[in-house]
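In: next comes the sequence, and after it the predicted model I'd like to discuss.
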Amino acid sequence: MTITIWFSLFTICLLGAMSPGPSLAMVAKHSLAGGRSNGLATAWAHAFGIAIYAFITLIGLAVVLQQSPLLFKTVSYAGAAYLAYLGFNALRSKGGVAAKLESGEAVSVFQSAKEGFTISLLSPKISLFFIALFSQFVAIGHSWESKSVIVLTPFLVDGLWYTLITLFLSNPRVLDKIRTRAVLIDRLSGAVLILLALRVILTV
């Protein structure tokens, strides 16, 4: 793999990680509710899910999904249902930022990691990303070295990006400002998640 091809892969992975969506909402939620350790657990568990997607794409899942519309729709609808579930909970402030901050409820690092991993596997946005964009790099990954780079690049890019997000949100001054607007943040994030779910349903 040439440095030019790798830079193209890196750029696409970075843009995918930076784009707003349920993954960002999930990392932000646990960074705010549980603190830096919870945010980091969410970030790297999410990145591990991304690495699994990358590996699966390498062994041909993209082709399977493209050739089986029913399987693709099933995965997409499952993801949409999960997004809607998260959205309704946020709108009611059950499990959202406001509930955690107001009650002082402890959030385990394991729970944060589990939710970060789950959202990475069930988000239709991520599956579409790998099928439409990432799969173009599979053909050039003939050697084990190239295949390792193709899997490790999205893993590290995703983990490091959300690590930066976690470090920013876990700053005490930032947290104090967010604490006063926790309910509003829940309402907005809930609405965004539900809109994302509807968009998935309407476009599948």
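Out: Nice, I can see it.
In: just give me how far the longest helix along the chain sits from the chain centre.
Out: The helix of greatest length in the chain, counted in residues with DSSP state H as the criterion, is given as helix 144-169. Relative to the centre of its chain, helix 144-169 is centred 12 Å away, using Cα atoms, centre = their mean, to the nearest Å.
In: what's the average pLDDT for it?
Out: For helix 144-169, the mean per-residue pLDDT is 88.
In: can you show me the helices along this protein?
Out: Under DSSP H, the chain gives helices at 3-18, 22-34, 36-58, 61-67, 69-91, 97-103, 109-122, 124-132, 144-169, 172-179, 182-203.
In: show me what the second one is packed against.
Out: To tie it back to what came earlier, the one meant is helix 22-34. Judged by 3 or more Cβ pairs under 8 Å, 6 or more residues apart in numbering; DSSP states H and E, helix 22-34 is in contact with helix 36-58, helix 69-91, helix 97-103, helix 109-122, helix 124-132, helix 144-169, helix 182-203. All C-beta spots, glycine's among them, are computed from the backbone N, C-alpha and C.
In: swap in 6 Å and give it another go.
Out: When contacts are defined as 3 or more Cβ pairs under 6 Å, 6 or more residues apart in numbering; DSSP states H and E, helix 22-34 sits against helix 36-58, helix 97-103, helix 109-122, helix 144-169.
In: out of those helices, which is the most enclosed?
Out: helix 36-58 (a mean of 22; mean count of other Cβ atoms under 10 Å).
In: so which elements touch that helix?
Out: So helix 36-58, by 3+ Cβ pairs under 6 Å, 6+ apart, packs with helix 22-34, helix 109-122, helix 144-169.
In: can you pull up the most central residue in this structure?
Out: In the chain, the residue lying closest to the centroid (Cα atoms, centre = their mean) is residue 23, at 2.9 Å.
In: residues contacting that residue?
Out: Listed by Cβ atoms under 6 Å, 6 or more residues apart in numbering, the contact set of residue 23 reads 46, 119.
In: the helices of the chain: lowest mean pLDDT?
Out: helix 97-103 (a mean of 55).
In: what's the distance between residue 143 and residue 149?
Out: 9 Å (Cβ to Cβ, to the nearest Å).
In: just how off-centre is stretch 143-161 within its chain?
Out: 16 Å.
In: whoops, I mixed them up, stretch 49-58
Out: 13 Å.
In: quick thing: my sequence starts at 38, can you match it?
Out: Okay, residue one is now 38; in that scheme the one you just asked about reads as stretch 86-95.
In: please save the CA atoms from it in CSV.
Out: Output of stretch 86-95 as CSV, limited to C-alpha atoms (Å, rounded to 0.1, in the frame of the first residue of the first chain):
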residue,chain,number,x,y,z
GLY,A,86,-16.6,-2.2,16.9
ILE,A,87,-15.3,-0.1,14.0
ALA,A,88,-12.3,-2.5,13.7
ILE,A,89,-14.7,-5.4,13.5
TYR,A,90,-16.6,-3.8,10.7
ALA,A,91,-13.3,-3.2,8.9
PHE,A,92,-12.3,-6.8,9.3
ILE,A,93,-15.7,-8.1,8.2
THR,A,94,-15.6,-5.9,5.1
LEU,A,95,-12.2,-7.4,4.3
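In: all set now, cheers.
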